[in-house]
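Novice: Okay, here's the prediction I keep looking at, along with the sequence it came from:
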Amino acid sequence: MSEEAPFLELCRPAAFTLLEKRSRFLAELLPASSSEEAREGVAAQRRKYPDASHVVHAMVVGEKGEVMGCSDDGEPAGTAGRPVLEILKGSRVTQVLLTVTRWFGGIKLGTGGLVHAYGDAARGVLSEASTRPRIPCARCSLLLAYPQLEAGRRILREQEFTVLAEEYSGEGVLFQGTLPARNLPLLETLLRDLTRGRLRLSLLGPSP
C-alpha cells in the first residue's frame with residue numbers, strides 16, 4: 001500500500017486573476033496558522049477591497065488540515081465558498097487562507113456559472129502557488145544552566161531548534177522554540193547527557 005501524500009505548506013503568498021462575463025475574480029492564497037488568523041485575513045481583504053461585490057473565502061488549518069471553514073459572502077448558497085474549499089482540500093495545502101474577491105461586471109452568471117468561476121479561480125491560484133512538504137514540528141521549553149550554555153546552543157542548532165524566546169535567570173537560560181518532531185527524541189537524549197540527567201524540558205504542543 002502506498003503512503004498517503006504529505007501535507008503541504010505555502011512558501012509565499014500567490015495570486016491569480018480570472019475574467020468571466022465582465023466580472024473579475026481575484027484569487028489569493030495567504031498563510032494562516034489558525035482559524036483566528038484566517039478570520040483576520042478575511043477582514044483585512046475586505047478593508048483592502050472596499051469596492052468589491054464579494055470576498056469569498058475558504059481556510060484549511062492545523063497540522064493535518066483538520067480545521068476547515070468557508071463562506072459564500074452573499075453569493076447563492078453553495079456556489080462559492082464550498083467549491084473553493086473542496087479544491088483547497090484536494091490540494092493538501094494546510095495553514096492557508098484562500099480568498100476569491102469578485103467585482104460584479106453587470107452580467108449574472110447563474111448558479112452553475114458561479115460554481116465554475118469560483119472553482120477555476122481557486123484552481124488557478126493553487127497552480128501559481130509555491131509549496132513544500134510540511135514537516136511536523138513540536139514546541140517545547142527547556143532550561144540550560146550557564147556552564148552548559150555553549151554546548152547546549154550547539155546541540156539546539158544541530159537539531160534544527162528555532163529559538164522563539166530566551167529568558168535569563170539566576171538558574172540559567174530558559175529557551176522556548178520549535179523543532180522538527182522527528183528530532184525531539186535525539187535532542188532530549190543529547191541534552192540529558194549534557195546535563196547529567198537534570199534536563200528540564202516541557203512539551204508545549206505541536207507547532208502552528
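Specialist: Thanks, I have the structure now.
Novice: who does the host helix or strand of Ala27 touch, helix- and strand-wise?
Specialist: In the assignment (DSSP states H and E), Ala27 maps to strand 23-31. Packing contacts for strand 23-31, counted by 3 or more C-beta pairs under 8 Å, 6 or more residues apart in numbering; DSSP states H and E, involve strand 8-10, strand 14-20, strand 96-103, helix 110-128. Just so you know, the C-beta spots here come from the backbone N, C-alpha and C atoms, and that holds for glycine as well.
Novice: Remind me what the last one packs against, helices and strands.
Specialist: In this case it means helix 110-128. In terms of contacts (3+ C-beta pairs under 8 Å, 6+ apart), helix 110-128 is packed against strand 14-20, strand 23-31, helix 81-91, strand 96-103.
Novice: Low-confidence bits of this structure, can you list those?
Specialist: For the chain, residues meeting the criterion pLDDT under 70 lie at 1-4, 205-208.
Novice: end-to-end on stretch 157-164?
Specialist: From its first residue to its last, stretch 157-164 covers 13 Å (C-alpha to C-alpha, to the nearest Å).
Novice: Revised request: answer the last question for stretch 100-118.
Specialist: First-to-last residue span, stretch 100-118, C-alpha to C-alpha: 7 Å.
Novice: Kindly confirm whether my reading is correct that Ile87 touches Gly119.
Specialist: Yes. Counting by C-beta atoms under 8 Å, Ile87 touches Gly119, with 5.9 Å between them.
Novice: Just say helix, strand or coil for Ala44.
Specialist: Here Ala44 is recorded as helix under DSSP: H, G, I helix; E, B strand; the rest coil.
Novice: Tell me, how many residues neighbour it?
Specialist: The local packing of Ala44 (other C-beta atoms under 10 Å) involves 14 other residues.
Novice: dump the residue contacts of it.
Specialist: Ala44 makes no contacts at all, as judged by C-beta atoms under 8 Å, 6 or more residues apart in numbering.
Novice: Please tell me how far it sits from His57.
Specialist: Distance, Ala44 to His57, by C-beta to C-beta, to the nearest Å: 11 Å.
Novice: Same question for Tyr168.
Specialist: 43 Å.
Novice: out of the two, which sits in the busier spot?
Specialist: The neighbour comparison of Tyr168 against His57 (other C-beta under 10 Å) goes to His57, with 29 against 9.
Novice: residues in contact with that one?
Specialist: His57 touches 38, 41-42, 45, 70-71, 73, 81, 84, 97-100, counting by C-beta under 8 Å, 6+ apart.
Novice: Give me the buried stretch members for stretch 55-66, please.
Specialist: Using 16 or more other C-beta atoms under 10 Å as the test for burial, stretch 55-66 gives Val55, Val56, His57, Ala58, Met59, Val60, Val61, Gly62, Glu63, Gly65.
Novice: and the second one, which of the three is it?
Specialist: Under the three-state scheme (three-state DSSP), the conformation of Val56 reads as strand.
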